[in-house]
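Engineer: Give me coordinates for this.
(chains A and B)
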Number of protein chains: 2
Amino acid sequence: MSKKLTSRTEDYSKWYNELVVKADLAENSAVRGCMVIKPYGYAIWEKMQAELDRMFKETGHQNAYFPLFVPKSLFEAEEKNAEGFAKECAIVTHYRLQNDPEKPGKLRVDPEAKLEEELIVRPTSEAIIWNTYRGWIQSYRDLPILINQWANVVRWEMRTRLFLRTAEFLWQEGHTAHATKAEALSEAKLMNNVYATFAEKFMAIPVVQGLKTESERFAGADETYCIEALMQDGKALQAGTSHFLGQNFAKAFDVKFANKEGKQDHVWATSWGVSTRLMGALIMTHSDDNGLVLPPSLAPNQVVIVPIYRGADELNAVSEVAHSIMSDLRAKNISVKYDDRDTQRPGAKFAQYELQGVPLRIAIGARDLANGTVEIARRDTLTKAVIALSDLTETVENLLKDIQDALFKKALDFRDSHITEVETFEEFKKVLETKTGFISAHWDGTTETEDKIKELTKATIRCIPLEGKVEAGVCVYSGNPSKRRVLFAKAY
Amino acid sequence: MSKKLTSRTEDYSKWYNELVVKADLAENSAVRGCMVIKPYGYAIWEKMQAELDRMFKETGHQNAYFPLFVPKSLFEAEEKNAEGFAKECAIVTHYRLQNDPEKPGKLRVDPEAKLEEELIVRPTSEAIIWNTYRGWIQSYRDLPILINQWANVVRWEMRTRLFLRTAEFLWQEGHTAHATKAEALSEAKLMNNVYATFAEKFMAIPVVQGLKTESERFAGADETYCIEALMQDGKALQAGTSHFLGQNFAKAFDVKFANKEGKQDHVWATSWGVSTRLMGALIMTHSDDNGLVLPPSLAPNQVVIVPIYRGADELNAVSEVAHSIMSDLRAKNISVKYDDRDTQRPGAKFAQYELQGVPLRIAIGARDLANGTVEIARRDTLTKAVIALSDLTETVENLLKDIQDALFKKALDFRDSHITEVETFEEFKKVLETKTGFISAHWDGTTETEDKIKELTKATIRCIPLEGKVEAGVCVYSGNPSKRRVLFAKAY
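Structural biologist: Numbers count the residues shown, from 1 in each chain, chains lettered A, B, ... in the order given. Below is the predicted model:
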């Protein structure tokens, strides 16, 4: 398979699909819509998990684990939630296979082994969790409950794409229970904020925090907070959501508590999640026609060292220096790999690490040994420099910090230059045809207008920004009065 | 619910079930046979995961993720494996629910949304993984593949018990591919050894390493290595297994490679796993009639500090000392919790931490402040001592080490005093009636004898110990010649 990628301008979608496979991040499996996350891709996901988990614990949450299956009677208890997920779910109906009497060596479902009640493979866990919380909550003393779960979920999507939309995906889902509406609302906002901080500081992806419109809300939520990012092709990507669930699940599952005055009340809820979809956001925000570009904070290897040598003596001399560099870098908590495979030439190694987005590449040859230097190459800018060995550790530390900052800055500049304020529907359509990106426009607040715009342009309201401009205006489509601008875009 | 547990002598099984629930480790869910792992139980599992993950990576393995579902045609490809798991598996047959026309507000499976091919929820992942490996392996240069996966699996067991046997459980499964038989065999042994080291050093559970007999092997394996532990009721528990799979899966899934001479050969395989069942082993090895006893290396909180006070002034003075102790202990990487809740009295807190197995409890009262002392209580021995505050950090460090060692020593003494060598079947049966534990006996090597002994006594061959006595003898049941002793026991 050629290492060369289709360019982004040629076919952005093809570029993405090729990059995911060629950089060894993931591939399609034998199961429709389900992916295999390969070790290199999984190592990046593990880094995301570790940091998110740290942030969740720092904000008082604990991990737990709830069943994979949701009995149908629980699944249907919260009506809107059930309606939202019923059309795309995997359903377990039987619990045994038997030899197929008509096809020797083959198995078939044993018709006798039918479950009394069908089990839905969780598309999300509100139902099973709130059914459990009923047993945990009697009084205000049992609240809040601040729980997170790392899990796999299944949504039987018809059109799937690696990381962006898969039938099974990995995620975390927080599920919290509170005594008051105010507390639940502030939890939902807090966790959306945690996601925004994670996206910006860790993934170097600028995001807009906002509220979803009623028609884009999570099924069963009273409000959905979200973080929205902009990809290089000008399409938006919802990177995380945090839901204020009101008392909807408490009512559906009869979860009440005695408040301080001894009065019974339904519990208030939130849920919030991010998934392996973040991998798609990461790839599409930073990468280029040469392959993956990773922010140093998520790179499984921040630095790779490649020896340039002829013969064993040169290799030994280079290796000695390489090992000394590695121990210096590791002492500074910098992850570094030394690639002295003799089955690959340096050029092939350079190409591989470029494709896989290793932030810094150090090459050491015989001439470097003589001069006390190394060559260092930056993945993001594709620039090289010769550095004195004595300055190397400090240089690497500074460069990693620079790269992290530069990637964010670049993505932020791109995003900010792709938010266009429009006043008329003509302008609106023109932006979608030419520049793409976010369109900041007035909207009259009705689902009718929202639907009509979607039908005509395929653009949806990505969010009502939390820090958006509040100014009176007229709706870009209906001409009716509007109190504030919202962000429209075509989206993943 | 009373905090008092049924005693072990009264009803060991009831004691276990009560302990798991009352110590807040896990509970049964609305889904038959599936459990909810509560935050305290999950925190212990996370500590196991972290250490195992570290050990896997140290031995060169990487994590990845494969689909939850196995299409039936892949599931049945390796015949023995399929046969072993077909009778107890969850099967997805449909992908959509619809409104039930006969029951308003209810949903039913949409008969139109039947899958073309049924999907089995993975009971283990050899099939889906080896089907994937076919695409990854062409030449010896692609080998070895050393991959681990952290995942949930489902086995539709009829009789379930929290942690010990559940329809869904969490585990890790390693799946490796090798160019030679010798290399695969040594991988299988290495990982069994990793499990043994983890059990003994980390969980303080002594284990016997051995080989399973043919009838106890993993379905599809040529050899199964295992670690076997002994519970306090004298029953054995299989705590981990590591399988040498030969070329069985490579043949079933047509996975070949070109060796160094350019010749095509099937790839050699291993798989190995431990699961949340380890939680059951942990509980049953160390705990007592007062509740959970945890080795310090697995305790979410190694130390808890409880203030004894009257009024705000005393609490403030105690809290100041407590915070200073906490920062000293944390500087030594000791996890410590300060429980200054005013909704619970000290006695209730003591009882809770005893039930939950916190290794060390420190109580600080006004008299301690005057004397420059604290009271420190050990969970494992239920002993208390008054310690000078100035010696506290060192004392805690030493005590934690002592407790870890003492728990292992105690379990080892128990295990070693419960291995009985017998020469006759009368003796064999007598041990099972009176002392229980492992029975070391000669066996003629036939499945027939093994089955007969199982039928008559319910005891099975737990393993053929790797370091067992090799001595000629006669089979305890058949009287036929035997080359070595094996370990029998009743088992979980």
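
Engineer: Contact partners for residue A:456?
Structural biologist: Counting by C-beta atoms under 8 Å, 6 or more residues apart in numbering or on different chains, residue A:456 touches residue A:429. Just so you know, the C-beta spots here come from the backbone N, C-alpha and C atoms, and that holds for glycine as well.

Engineer: which residue sits closest to residue A:412, ignoring its sequence neighbours?
Structural biologist: Among residues not flanking residue A:412 along the chain, residue A:206 sits closest, at 4.4 Å (C-beta to C-beta, 6 or more residues apart in numbering or on different chains).

Engineer: Show the contacting residues for that neighbour.
Structural biologist: The contact partners of residue A:206, by C-beta under 8 Å, 6+ apart, come to A:199, A:200, A:229, A:230, A:408, A:411, A:412, A:415, A:416.

Engineer: Mark which of the residues you listed are buried, thanks.
Structural biologist: A:199, A:200, A:229, A:230, A:408, A:411, A:415 (16 or more other C-beta atoms under 10 Å in any protein chain shown).

Engineer: Test for you: state the pLDDT assigned to the residue nearest to the second one when sequence neighbours are not counted.
Structural biologist: Okay, so that is residue A:200. Once flanking residues are discounted, residue A:200 sits nearest to residue A:206: 6.0 Å by C-beta to C-beta, 6+ apart. Residue-level confidence at residue A:206 comes out at 98, pLDDT.

Engineer: gap between residue A:206 and chain B?
Structural biologist: From residue A:206 over to chain B the distance is 28 Å, taken as C-beta to the nearest C-beta, to the nearest Å.

Engineer: which SSE is that residue in?
Structural biologist: Using DSSP states H and E, residue A:206 sits in no helix or strand.

Engineer: tell me the phi and psi of the residue nearest to residue A:211 when sequence neighbours are not counted?
Structural biologist: Spatial nearest neighbour of residue A:211, excluding adjacent residues (C-beta to C-beta, 6+ apart): residue A:464 at 4.6 Å. Note on residue A:464: its backbone torsions stand at phi -100, psi 100 [degrees, to the nearest 10].

Engineer: Residue A:464 and residue A:483 touch, don't they?
Structural biologist: No. Residue A:464 is beyond contact range of residue A:483, at 10.1 Å (criterion: C-beta atoms under 8 Å).

Engineer: and these two? which has more neighbours close in?
Structural biologist: Comparing residue A:464 with residue A:483 by neighbour count (other C-beta atoms under 10 Å in any protein chain shown), the higher total belongs to residue A:464, at 17 against 12.

Engineer: Domains in chain A, by residue range?
Structural biologist: Residue ranges for each domain of chain A read A:12-68+A:123-286, A:303-399, A:419-489, as given by automatic domain parsing.

Engineer: among those, which is nearest residue B:225?
Structural biologist: Nearest to residue B:225 among the domains of chain A is domain A:12-68+A:123-286 (24.5 Å), distances taken as C-beta to C-beta.

Engineer: so how far is the closest one from its chain's centroid?
Structural biologist: 9 Å (C-alpha atoms, centre = their mean, to the nearest Å).

Engineer: Start and end of it, how far apart?
Structural biologist: 13 Å (C-alpha to C-alpha, to the nearest Å).

Engineer: swap in stretch A:465-484?
Structural biologist: Calculated as C-alpha to C-alpha, the first-to-last residue distance of stretch A:465-484 is 9 Å.

Engineer: how about the strands in the stretch 151-300 of chain A?
Structural biologist: For the stretch 151-300 of chain A, applying DSSP state E, counting those that start in this stretch gives strands covering A:168-178, A:208-211, A:223-230, A:236-246, A:256-258, A:264-266, A:268-275.

Engineer: out of those strands, nearest to residue B:350?
Structural biologist: Of all the strands of the stretch 151-300 of chain A, strand A:256-258 comes closest under C-beta to C-beta, at 26.5 Å.

Engineer: same for the closest one, what does it pack against?
Structural biologist: Here strand A:256-258 touches strand A:264-266, going by 3 or more C-beta pairs under 8 Å, 6 or more residues apart in numbering or on different chains; DSSP states H and E.

Engineer: The strand it packs on pairs with which strands, and in what direction?
Structural biologist: Looking at strand A:264-266 with DSSP bridges, its partner strands are strand A:256-258 (antiparallel).

Engineer: Would you enumerate the residues in contact with the residue in the stretch 151-300 of chain A that chain B sits nearest to?
Structural biologist: Nearest to chain B in the stretch 151-300 of chain A, going by C-beta to the nearest C-beta, is residue A:156, at a distance of 4.3 Å. Neighbouring residues of residue A:156 by C-beta under 8 Å, 6+ apart: A:33, A:88, A:89, A:90, A:167, B:95, B:96.

Engineer: Give me every residue in the stretch 151-300 of chain A lying close to chain B.
Structural biologist: Taking C-beta under 8 Å from any C-beta of the partner chain as the criterion, the stretch 151-300 of chain A approaches chain B at residues A:151, A:152, A:154, A:156, A:168, A:170.

Engineer: could the residues you listed be laid out in CSV, adding pLDDT and distance to residue B:435?
Structural biologist: Below are these laid out as CSV (pLDDT from 0 to 100; distance: C-beta to C-beta, whole Å):
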residue, pLDDT, distance to residue B:435
A:151, 98, 44
A:152, 98, 45
A:154, 98, 49
A:156, 96, 55
A:168, 98, 49
A:170, 98, 48
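
Engineer: Out of the residues you listed, grab the one that's most surrounded.
Structural biologist: Going by other C-beta under 10 Å, residue A:154 tops those with 26 neighbours.

Engineer: Next, the contact list for that residue, please.
Structural biologist: A:89, A:90, A:121, A:122, A:123, A:167, A:168, B:68.

Engineer: for residue A:466, same thing?
Structural biologist: Per C-beta under 8 Å, 6+ apart, neighbours of residue A:466: A:209, A:210, A:211, A:225.

Engineer: Of the residues you listed - the most surrounded one?
Structural biologist: Going by other C-beta under 10 Å, residue A:225 tops these with 27 neighbours.

Engineer: What residues sit buried inside stretch A:57-64?
Structural biologist: Buried residues in stretch A:57-64 (16+ other C-beta under 10 Å): A:61, A:62, A:63, A:64.

Engineer: What pLDDT is listed against the last one?
Structural biologist: Which is residue A:64. 98.

Engineer: quick one: the residue nearest to residue A:211 and residue B:154, what's the gap?
Structural biologist: Distance of residue A:464 to residue B:154, given as C-beta to C-beta, to the nearest Å: 41 Å.

Engineer: try residue A:145
Structural biologist: Applying C-beta to C-beta to residue A:145 and residue B:154 gives a distance of 27 Å.

Engineer: Nice, that's everything, thank you.
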